[in-house]
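Pasting the sequence and the predicted coordinates here, then a few questions.
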Amino acid sequence: MGRDKALLPWPPYRAGVQTGGQTFLSAAIQSLNPFSDLVIVVAGKNEAQLTPVVYAQSGFVVRNPAPARGQFSSLQVGLQEVLNHGRDGAIVTLVDRPPVSADTLNTLCAAFVDAAAGTWAVVPECGGKHGHPVLLGREMIAAFLNAAPTSNAREIEHQYQQHIQYVAVDDPAVAMNVDTPQDYEALSLPPSK
């Protein structure tokens, strides 16, 4: 991307329209606050830049001491912090995705609460694509924390597929990924008619 995705303006700038001073990160925290009593953001080398944004939204920052180990290490750091705070469930999302709607979060939370015994996670899907945020119970948190540091989330998800409930939602944001300037620019284009 060439710059910190967490600090990209949200919503993206549209000609003549102010963005309201939000970023991907602040918008994500705001979207999660009504559904969680604690929002934890895992930072790496960018901790100094992210901390003011997180604190302004009443979030909590934890530093990944080894961000070079990759995204999975940040997931493990964040999930350990969830347990350290006495919680046994988590809503996990990535910073390079637009925030999902409150309706989507309501649907996912209801599915998680009503899930059958043996369900460890709830994952949204839209248009046949799985996405974020994912809701994790203690069993799935343990599976991620007990995995080898060289693992990745997809491997663990596949290993415990029988414990995951996929929930269809009508929210394309669950599967959007912003990895390049072109991805971000596509978000800022006016909707086609």
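Great, that's in hand.

Averaged pLDDT, the helix or strand harbouring Val82. What do you get?
Secondary structure assignment for Val82, by DSSP states H and E: helix 71-84. Summarised as a single mean, pLDDT over helix 71-84 is 96.

which residues touch the helix or strand following it?
Following helix 71-84 in sequence order, the next helix or strand is strand 89-92 (DSSP H and E). Strand 89-92 has contacts (Cβ atoms under 8 Å, 6 or more residues apart in numbering) with 32, 35-36, 75, 78-79, 82, 105, 108, 112, 132-138, 141. The way it works is simple: take the backbone N, C-alpha and C, and place the C-beta from them, glycine included.

6 Å instead, please
Ser36, Val82, Pro133, Val134, Leu135, Leu136, Gly137 (Cβ atoms under 6 Å, 6 or more residues apart in numbering).

For the fifth one, give me phi and psi.
Spelled out, it's Leu135. Main-chain torsions, Leu135, degrees, to the nearest 10: phi -110, psi 130.

number of nearby residues for it?
Neighbourhood size, Leu135 [other Cβ atoms under 10 Å]: 25.

among the contacts of strand 89-92, which are in helices?
In this view, these that belong to helices under DSSP state H are Val82.

Generate JSON lines for the contacts of strand 89-92, with distance to Tyr166 as supplementary columns.
What follows is the contacts of strand 89-92, written out as JSON lines (distance: Cβ to Cβ, whole Å):
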{"residue": "Ser36", "distance to Tyr166": "21"}
{"residue": "Val82", "distance to Tyr166": "22"}
{"residue": "Pro133", "distance to Tyr166": "13"}
{"residue": "Val134", "distance to Tyr166": "10"}
{"residue": "Leu135", "distance to Tyr166": "12"}
{"residue": "Leu136", "distance to Tyr166": "14"}
{"residue": "Gly137", "distance to Tyr166": "15"}
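
and which of the contacts of strand 89-92 is nearest to Leu145?
The closest of the contacts of strand 89-92 to Leu145 turns out to be Val82 (Cβ to Cβ; 9.7 Å).
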